[in-house]
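K.L.:
coords below, sequence missing:
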DNA sequence: CGCAATAGTATCTTTTTTGATACTACTACT
DNA sequence: AGTAGTAGTATCAAAAAAGATACTATTGCG
């Protein structure tokens, strides 16, 4: 699976940037999943399922497949028992992290209550903005 | 309608930033609508309908109402015949424009074909990043 | 009078997305 | 032999989102 395979190829060809982005990352979970993978770098399926509040197993599976098909994440299967699968960001995925980080920060200051305390350290943020 | 009225208040109270943002701006059209309003600053209903490819009138109405309820846009009704309604960004909406702009630019370089030519001038981009 | 123009609303239907539930495979451990 | 643990799949159901269609109001114009 390379960074150049997209589910919605037609959209990409005559690309209108916002339309394409919207087509690829719309839905209820995509940003959240990318964010959780970005923050902890490597994620196993079960851990994502536990962390992302409210998502079901089948939905998570589908969303991860789509993100993989669209080139945002890589799925590494370890031939172990019990099974182990790790999800990591691809180059494309990593390049999107600074935007996710800014979205998180924007939401923090504009949507969350004023006394909200960020769970992320400044160093963490800096790193997320860099990658 | 102020910047502090949200459709999904419960989400905001115990705010987990990415969750809240996702809850408020998910769906197939929100980013696109905000983007079109941001780029041309003031928009009439019919113009948005013509510009946003594939959206239907009833869907556009619904999405605009939600964006209004969530404090991103302002709806100005002119008591004229035929009717005239203009949509503009609120303070909250404007504060989100730099992120939209970066999303657009990211999509341009990472999703669109390499020979894609941006329809936006550098000055326009600069201004969009500032506001 | 009949029509155009604009921004809708009100219903109903379809499509898409998400969820619930049950099931599988493999191995180690008790 | 039965159970736990992981990452699923398969099927069906429900909910949410989006779309189609018909309708409204107002006024100026021919």
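P.N.:
It's in. All values reported here derive from a predicted model rather than from experimental measurement. Numbering: from 1, shown residues only, chains lettered A, B, ... in the order given.

K.L.:
If I look at the most centrally placed residue in chain A, what pLDDT would I see?
P.N.:
In chain A, the centroid-proximal residue (C-alpha atoms, centre = their mean) is residue A:34; its distance is 0.9 Å. You'll see residue A:34 listed with a pLDDT of 95.

K.L.:
Would you mind listing what in chain A touches DNA strand D?
P.N.:
Within chain A, the positions near DNA strand D by C-beta under 7 Å from any atom of the strand are A:26, A:28, A:44-47, A:57-58, A:61, A:64, A:75, A:81-85. No exception for glycine: its C-beta is placed from N, CA and C like everyone else's.

K.L.:
Compare those residues and tell me which has the most neighbours.
P.N.:
Highest neighbour count within the residues of chain A next to DNA strand D: residue A:64, with 22 neighbours (other C-beta atoms under 10 Å in any protein chain shown).

K.L.:
mind listing what it touches?
P.N.:
The contact partners of residue A:64, taken as C-beta atoms under 8 Å, 6 or more residues apart in numbering or on different chains, are A:33, A:45, A:48, A:73, A:75, A:87.

K.L.:
touching DNA strand C at all, the host helix or strand of residue A:60?
P.N.:
Using DSSP states H and E, residue A:60 maps to helix A:57-69. Yes. Applying C-beta under 7 Å from any atom of the strand, one finds that helix A:57-69 is in contact with DNA strand C at A:57, A:58, A:59, A:62, A:63.

K.L.:
Can you tell me which of those lies closest to residue A:38?
P.N.:
Comparing the residues of helix A:57-69 next to DNA strand C against residue A:38 with C-beta to C-beta places residue A:63 closest, at 15.0 Å.
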